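[1] need coordinates for the following:
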Amino acid sequence: MTGPRSFQRSMKIIGVLLLTLSAITPASSVFVIIPGVVQQAGTGAIWSLLIAAGLSLTMCFVYAELASAWPLAGGEYAMAGQALGPFAGYVMMGCNAIAYTFVSPSLALGVAGYLGAIWPGAPAVPIAVGIIVFSSLLCILNIRLNAWVTGAFLAVEVLALAAVLAAPDVTAFVKSQTPFGDIVSLLGGRTFGVVVSLGVALAIINAVIATLLVNARILYSSGRDGAWHTLVNDLFTRLHLKFDSPWVATLVAGAACAASCFIPLHLLLVINGTGVTFIYLSLALAVIAGRLTGASAHAPYRMPLFPLAPVVAIVALLGVLAANWTDPDVGRPSLLATLAIMVAFAGYYLLRRRRGGFAWSLAAPVESPPLTAVAQNLEMSGS
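    Sure, this is the predicted structure:
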């Protein structure tokens, strides 16, 4: 019996970079995240952002080493499972699946607020569902085409950021409770406000597309690794004959995200808020385990000053979890919700193992190109 058909490796560095930048959505960071940080942290916002940047840098080293060792669809759970074992991999797969299912509707539900300049009172849920449906259909296309589509959206996003730099008082804009209204009043033009608002809305849509691409491939890889019933595994691993995309997994991911748009946003944030912290923590532990056991010895990339980056990341992430526990409104419920998700998937894994016939087995890369081939690929991507 043959296994599921594998993806054709067609992405190059530019395409991967476009998708990555689309997922982290620079415009949303400036317009949404930074104003919130400034309003809560005040003069400590700069230190908060610098610490966050340092943590991001340590995780860049972690991701780079693990991804070079195990270039697999499935991302975080596939890498963590290879180093920490199938049990940890299955629990992280559950965290991944839940996180990406809820992150897309969390983003999409915010679009209506930025359409107020042209559509006052825009309904949040119908717009969010429409964005999810559009993004899901787009994600069925070839991933290289998706990379260029998100790249085009990213260019518009950057233009919106450049427009903000024209504001007479950027500091006042960032500190404001209503930054978009202030921009319009400062620059005295409705057209400017419409352009910036649409730019941010497009940035969020771009992030939804990028996260749905990831979500679909997590479902595909979970079927490849035998996470579910045989019938479900077969459906998740079906690839489109023309576009080489996991079209069934994409439609399932899109349907789950569209249904999640009807969950109150606060509840989405509570359920999903701490998941990424545990995912990062598992990766930092995985890169250390990979070095100690030799499991990642074949990796063409080895981070410098090991184990500085993962140790710093672990300390910082434990601090984040401690801070979440002290927040009774969102942080603590989010932490408890994530722990409940992990316990549920751990229990399901143990139950299936006890009953027998559980096909869960983490796949190895079909091919692991040598460092010279990677370097050639990076060169060719620029041509």
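[2] and the residue nearest in space to the middle of the chain, what's its pLDDT?
    Geometric centre of the chain, nearest residue: Thr211, 5.3 Å, by Cα atoms, centre = their mean. On the pLDDT scale, Thr211 is placed at 89.
[3] give me phi/psi at it?
    phi -70, psi -30 (degrees, to the nearest 10).
[4] could you find the closest non-adjacent residue to His266?
    Leaving aside its sequence neighbours, His266 sits nearest to Val330 (Cβ to Cβ, 6 or more residues apart in numbering; 7.8 Å). From N, CA and C alone the C-beta is placed, and that goes for glycine too.
[5] tell me the contacts of that neighbour?
    Residues counted as contacts of Val330 (Cβ atoms under 8 Å, 6 or more residues apart in numbering) are 266, 269-270, 273.
[6] export those residues as a markdown table, with columns for distance to Ala64.
    Below are those laid out as a markdown table (distance: Cβ to Cβ, whole Å):
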| residue | distance to Ala64 |
| --- | --- |
| His266 | 35 |
| Leu269 | 29 |
| Val270 | 32 |
| Gly273 | 26 |
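[7] out of the residues you listed, which are buried?
    270, 273 (16 or more other Cβ atoms under 10 Å).
[8] specify which member of the contacts of Val330 is nearest to Gly81.
    Set against Gly81, the nearest of the contacts of Val330 by Cβ to Cβ is Gly273 (23.6 Å).
[9] the nearest residue to that closest one once chain neighbours are set aside: what secondary structure?
    Among residues not flanking Gly273 along the chain, Ser334 sits closest, at 3.5 Å (Cβ to Cβ, 6+ apart). At Ser334, secondary structure determined by DSSP: H, G, I helix; E, B strand; the rest coil is helix.
[10] any idea how far Ala99 is from Ala78?
    Ala78 is 15 Å from Ala99, where distance means Cβ to Cβ, to the nearest Å.
[11] of these two, who's got more company?
    In this view Ala78 and Ala99 are compared by other Cβ atoms under 10 Å, and Ala78 has more residues nearby, 28 against 24.
[12] give me the number of residues near the residue lying closest to the more buried one once chain neighbours are set aside?
    The shortest distance from Ala78 to any non-neighbouring residue, by Cβ to Cβ, 6+ apart, is to Leu72 (4.2 Å). Neighbourhood size, Leu72 [other Cβ under 10 Å]: 24.
[13] which residues are in contact with Leu72?
    Here Leu72 is in contact with 78-79, 82, 221, 363, 365 (criterion: Cβ under 8 Å, 6+ apart).
[14] checking Glu297 next. Helix, strand or coil?
    Glu isn't right for residue 297; it's Ala. Applying three-state DSSP: Ala297 is coil.
[15] that one: neighbour count?
    10.
[16] just checking the distance from the strand or helix carrying Ile341 to the centre of its chain.
    Assessed by DSSP states H and E, Ile341 sits inside helix 331-355. For helix 331-355, the separation from the chain centroid amounts to 21 Å (computed by Cα atoms, centre = their mean, to the nearest Å).
[17] state the distance from the residue nearest to Gly273 to Asp244.
    37 Å.
[18] with Gly85 instead?
    Applying Cβ to Cβ to Gly85 and Asp244 gives a distance of 31 Å.
[19] more neighbours: those two, which one.
    Asp244 (17 against 14).
[20] can you count the residues close to Asp225?
    Neighbours of Asp225 using other Cβ under 10 Å come to 26.
[21] cool, and Leu109?
    23.
[22] any chance of a markdown table for the contacts of Leu72, columns pLDDT, secondary structure and distance to Phe61?
    Compiled in a markdown table, the contacts of Leu72 are given as follows (pLDDT from 0 to 100; DSSP: H, G, I helix; E, B strand; the rest coil; distance: Cβ to Cβ, whole Å):
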| residue | pLDDT | secondary structure | distance to Phe61 |
| --- | --- | --- | --- |
| Ala78 | 89 | helix | 18 |
| Met79 | 91 | helix | 13 |
| Gln82 | 92 | helix | 18 |
| Ser221 | 91 | helix | 23 |
| Ala363 | 78 | coil | 25 |
| Pro365 | 69 | coil | 20 |
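[23] ok, of those, which one's closest to Pro307?
    Met79 (16.5 Å).
[24] hey, which helix or strand in the chain has the poorest pLDDT?
    The helix or strand of the chain with the poorest confidence is helix 371-381; it has a mean of 41 (mean pLDDT, DSSP states H and E).
[25] pretty sure Leu239 contacts Pro246?
    Yes - because the distance of 6.0 Å satisfies Cβ atoms under 8 Å, Leu239 is recorded as touching Pro246.
[26] the two: which has the busier surroundings?
    Pro246 (31 against 18).
[27] stretch 112-124: which residues count as buried?
    112-115, 117, 122, 124.
[28] can you add distance to Leu202 and pLDDT and give the residues you listed back as JSON lines?
    Listed next are the buried residues of stretch 112-124 as JSON lines, based on distance: Cβ to Cβ, whole Å; pLDDT from 0 to 100:
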{"residue": "Ala112", "distance to Leu202": "14", "pLDDT": "85"}
{"residue": "Gly113", "distance to Leu202": "14", "pLDDT": "79"}
{"residue": "Tyr114", "distance to Leu202": "9", "pLDDT": "78"}
{"residue": "Leu115", "distance to Leu202": "11", "pLDDT": "81"}
{"residue": "Ala117", "distance to Leu202": "13", "pLDDT": "70"}
{"residue": "Ala122", "distance to Leu202": "15", "pLDDT": "86"}
{"residue": "Ala124", "distance to Leu202": "17", "pLDDT": "90"}
